[in-house]
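[1] Based on what follows, work out the 3D shape:
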Amino acid sequence: MASMELVTKKRFMLVSGSGNEKLAQEIADELKVSLGDMSLSTFSNGELYVRYGDSIRGADVFIIQSHCEPINDRIMEQMIMIDAAKRASAKRITAVVPFYGYARQDRKAQGREAITAKLIADMLTVAGVDRVITVDLHTGQIQGFFDCPVDHLTAVPLLAEYLGEKIEGDITVVSPDAGGGKRARKFANILETMGTDTELAFIDKRRPKGTFNESVAEEVVGEVDGRTCILVDDMIDTAGTMCAAAELLKARGAKDVYMAATHGVLSGPALERLGSASVKEVVITNTIPVPTHAPSTKITSLSIAPIIAKALDHVFEDASVSEMFHGDNYQ
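    As a prediction, this is how the structure comes out:
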């Protein structure tokens, strides 16, 4: 009786949606691979069309897409790319989502609200993902919305090391609200390992009843007088919260104020607010493309590509991703 043995080979394939093609190319360059050939177009009625230009049968496919403006199109495009990969017999499909959209609605804060972070997780799962890689989720609990593995990367070391090397003197790391305390503590710990005298503070923030995109900075809890303050958050959207916090810190005697956030959403009046705010520098990463008209003298964008590329390599090689961060990538 004849028998046949076949030794399977793992094949890495990296493809990108239209959300952040520059970042995708940087990741490909870090990995020394070429981006897969993708045909992405739109029908006249706005429906999206996707087709892979190469065979992906049996491949380990990584689909990069940031959920940035126009966010609904970006999300739908990634879903269609995942579905196409599943129907083309990809062996494993990993959604690489540098910025995870709709993450702020991760619970019901009021009656009759949706939990959109869970909805996006369900959509990715139904589309056919086997794994998700993302960066600095709004809250760590979103990982529990998935029934597949989630690799949670963080840009906190990247941001902290950049500012730690730049700022001299005493530093206070400030969370713009009480909920971001754990992130601020990790940021402060990194600065302390660099030999900086670091304190921790947070802003007592109130959100007017019935609003979802407005907040009022009431008071500072912590030592800020005469110190350089770094406001740390996961994202800067309209910049209202961060700019109000910066003004309050200056009023309480802060020497200089810096802002650090992984995701520079920068929507609506954000650029105008940041331009006129009492802030020395705003440091973000390129998980979302930085607007071309952003003030380059005040906004610094650091590349997250090396971190994501290393994570993709670890996943492909079945190595530990958390070891990249010494287990400190969880919120």
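
[2] how about the strands of the stretch 1-150 of the chain, start to end?
    Per DSSP state E, counting those that start in this stretch, the stretch 1-150 of the chain carries strands over the ranges 12-16, 38-42, 48-52, 60-64, 92-97, 131-135, 150-153.

[3] and Ser278, how many residues sit next to it?
    Taking other Cβ atoms under 10 Å as the neighbour definition, Ser278 ends up with a count of 13. C-betas here are computed from N, CA, C, even on glycine.

[4] likewise the one 4 residues further on?
    Counted with other Cβ under 10 Å, the neighbours of Val282 add up to 28.

[5] Show me what it is bridged to.
    Val282 has these beta-bridge partners by DSSP bridges: Met259, Ile299.

[6] Distance check, it against Gly111.
    36 Å (Cβ to Cβ, to the nearest Å).

[7] same thing with Gln143?
    Distance of Gln143 to Gly111, given as Cβ to Cβ: 26 Å.

[8] the more surrounded of these two?
    Comparing Gln143 with Gly111 by other Cβ under 10 Å, the one with more neighbours is Gln143, at 17 against 5.

[9] Show me what the closest residue to the more buried one other than its chain neighbours is bridged to.
    Spatial nearest neighbour of Gln143, chain neighbours left out: Val150 (4.4 Å); criterion: Cβ to Cβ, 6 or more residues apart in numbering. Counting by DSSP bridges, Val150 is bridged to Val132.

[10] Tell me how many other residues crowd Val150.
    Val150: 22 surrounding residues under other Cβ under 10 Å.

[11] roughly how far apart are it and Thr228?
    35 Å.

[12] Name the residues of the lengthiest helix in the chain that are buried.
    With secondary structure taken from DSSP state H, the chain has its longest helix at helix 71-87. Neighbour counts over helix 71-87 (16 or more other Cβ atoms under 10 Å) mark 71, 73-82, 84-85 as buried.

[13] again with stretch 29-37
    By neighbour count with 16+ other Cβ under 10 Å, stretch 29-37 contains the buried residues 30-31, 35-36.
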